[in-house]
Every structure is written in C-alpha cells, then in structure tokens.
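In: just a sequence and a predicted model for now, questions to come.
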Amino acid sequence: MKHIRLRRVRFYLGVSALCSVLAASLCILLLMSSVFSYPSFQIIREDFEEGFDGWTADAVVPLDPNNPGHFVEWNITRSNDVAHSGQYSLKLFIDGRQDDGTIWIERKIDVKRNSHVKIKTSFMFYSESESFNTIASICAYAGIRNPEVEENFVVLGSANEVEGWKNYNYTADLYTGSSEEVWVAIGITVRWETYMTYYIDDVKVEIER
C-alpha cells in the first residue's frame with residue numbers, strides 16, 4: 001500500500017510539475033509573440049520608387065460649379081518630374097479655384113491596445129516657387145482614427161516657403177485606448193483660388209511603443 005501511495009504522490013507531483021512547465025512556456029511564448037509583433041521601435045521609409053507601398057490617397061474637396069454634379073479635380077500620382085532621391089516622388093495636384101479642399105496620403109500602422117505611442121513623421125516637400133502669399137498649407141495628422149476632414153489636420157507651414165525642397169516634421173504622442181491601429185497622413189490644404197501642384201518624397205515614420 002505504501003508503494004502504491006508513493007507512486008500516486010510521485011505521479012501527481014510529476015503532473016503538477018509538467019503543468020507548471022507548460023504554463024511557464026505559454027507565458028514566455030505569449031511574451032515573445034508580443035515583443036516580435038510590436039517592436040518597441042519601428043521605422044517606415046518610403047521614397048516611392050516602386051509604388052505607394054501601403055500609402056493611399058484621400059481627399060475632402062468641394063463640388064465644382066463649372067462641372068455640376070462633380071467634385072473639383074484632384075489627384076496624387078507617382079511622378080518623375082522632380083525627386084529628392086531616386087527618380088520618383090509623389091505629385092499632388094488640386095484645382096483650388098473654389099478656395100477649398102484638402103488632399104493627402106495616409107497609412108495605417110498596427111499597435112497594441114491601451115498603450116502609449118510616439119509617432120514622428122518627416123518628409124521632403126517641393127514647391128516650384130517661393131511666395132509671400134499662402135497659396136496652400138502643408139498639413140499632417142497622427143491619430144487612432146482614419147482622418148476624414150480638414151479639421152483633423154495640423155498645419156506645419158506654408159507650401160511656398162521656399163523654392164525647391166524643404167524638410168518638414170510632425171510629432172504626436174498618442175494613447176491607443178481600445179484601438180489596435182494608428183493612422184499617419186500628410187498633404188496640402190487649399191488657401192488660394194488657383195490650380196496648384198506640389199511634390200512629396202522621402203517619407204519617414206518613426207514609431208516608439
């Protein structure tokens with residue numbers, strides 16, 4: 001009887017030890033999965049040599065009184081007109097004659113829920129001419145929701161501050177709450193009644209989690 005009881009005790013101790021090992025292994029795997037899925041620091045770079053690579057174009061623009069039932073013309077396309085690096089950049093065009101409209105590129109980035117995230121966005125911006133007038137404003141956004149209106153954006157400066165390329169930066173500290181994604185966007189918003197064309201290149205987004 002004593003031998004039977006001893007074997008039972010050893011069996012239960014072995015099962016208990018095995019369960020402890022499995023539980024510890026599961027915790028380690030979950031921790032490793034979290035680390036690898038969400039690195040503490042991440043850099044996203046794009047020079048548009050091969051395409052948009054995760055970035056998409058979006059806009060909020062007025063109706064065109066000269067073309068009833070249609071919005072004013074706008075587009076964001078890859079172009080080899082000018083480039084800060086390589087051969088391509090993004091060309092931003094909008095018919096701003098209605099003194100209204102905002103166009104931009106945006107990208108979604110996966111994050112953890114209930115975490116603090118620091119987003120730093122930098123990019124090169126090209127204007128064909130310098131002007132004391134604010135023909136358009138350069139704008140940027142970082143947040144937990146997809147930007148949809150001009151009011152979502154922060155103005156970084158005048159689009160015609162210099163002739164040629166100039167670097168711009170925007171930093172935002174976010175709390176993700178229940179969201180598992182953040183959105184980053186950069187673009188222009190109309191300030192003058194005219195057609196306008198600008199270029200963006202060498203976008204870099206740094207994410208600190």
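Out: Received it, and whenever you're ready, just let me know what you need. These figures come from a predicted structure and were not determined experimentally.
In: can you pull the domain assignment for this structure?
Out: Taking automatic domain parsing as the reference, the chain has its domains at 1-37, 41-208.
In: which one of those domains has the lowest average pLDDT?
Out: Sorting these by mean pLDDT places domain 1-37 lowest, at a mean of 46.
In: between the two ends of stretch 151-170, how far is it?
Out: Distance across stretch 151-170, first residue to last, is 16 Å (CA to CA, to the nearest Å).
In: the residue nearest the centre of the chain and residue 153: what is the separation?
Out: In the chain, the C-alpha closest to the average C-alpha coordinate belongs to residue 184, at a distance of 2.6 Å (CA atoms, centre = their mean). Distance, residue 184 to residue 153, using CB to CB, to the nearest Å: 12 Å. Any C-beta I mention is one placed from the backbone N, CA and C, and that applies to glycine too.
In: quick check: neighbours shared by the two?
Out: Listed as contacting both residue 184 and residue 153 by CB atoms under 8 Å, 6 or more residues apart in numbering are residue 141.
In: ok, which stretches of this protein are strands?
Out: Under the criterion DSSP state E, the chain contains strands at 41-46, 56-60, 74-79, 89-95, 102-110, 116-127, 136-143, 154-158, 164-175, 181-190, 195-208.
In: nearest to residue 66, of the ones you listed?
Out: Minimum separation from residue 66 across those (CB to CB) falls at strand 89-95, 9.1 Å.
In: what lies in contact with the closest one?
Out: By CB under 8 Å, 6+ apart, the residues outside strand 89-95 that reach it are 47-48, 59, 61, 64, 72-79, 81-83, 101, 103, 105, 126, 187-188, 190, 195-201.
In: residue contacts, the residue lying closest to residue 157 once chain neighbours are set aside?
Out: Excluding the flanking residues, the one nearest residue 157 by CB to CB, 6 or more residues apart in numbering is residue 138, at 5.5 Å. Residue 138 sits next to 125, 155, 156, 157, 158, 159, 168, 186, 187, 188 when contact means CB under 8 Å, 6+ apart.
In: ok, now residue 41?
Out: Shown in contact with residue 41 (CB under 8 Å, 6+ apart): 206, 207, 208, 209.
In: coming back round to it: give me the buried entries from the contacts of residue 138.
Out: Buried by 16 or more other CB atoms under 10 Å: 125, 156, 158, 159, 168, 186, 187, 188, out of these.
In: identify the farthest-apart pair in those residues.
Out: 158 and 186, at 14.9 Å, using CB to CB across these.
In: which residues touch the nearest residue to residue 172 once chain neighbours are set aside?
Out: Take residue 172 and drop its neighbours on the chain: the residue closest to it by CB to CB, 6+ apart is residue 142, 3.8 Å away. Listed by CB under 8 Å, 6+ apart, the contact partners of residue 142 are 119, 121, 170, 172, 174, 182, 183, 184, 185.
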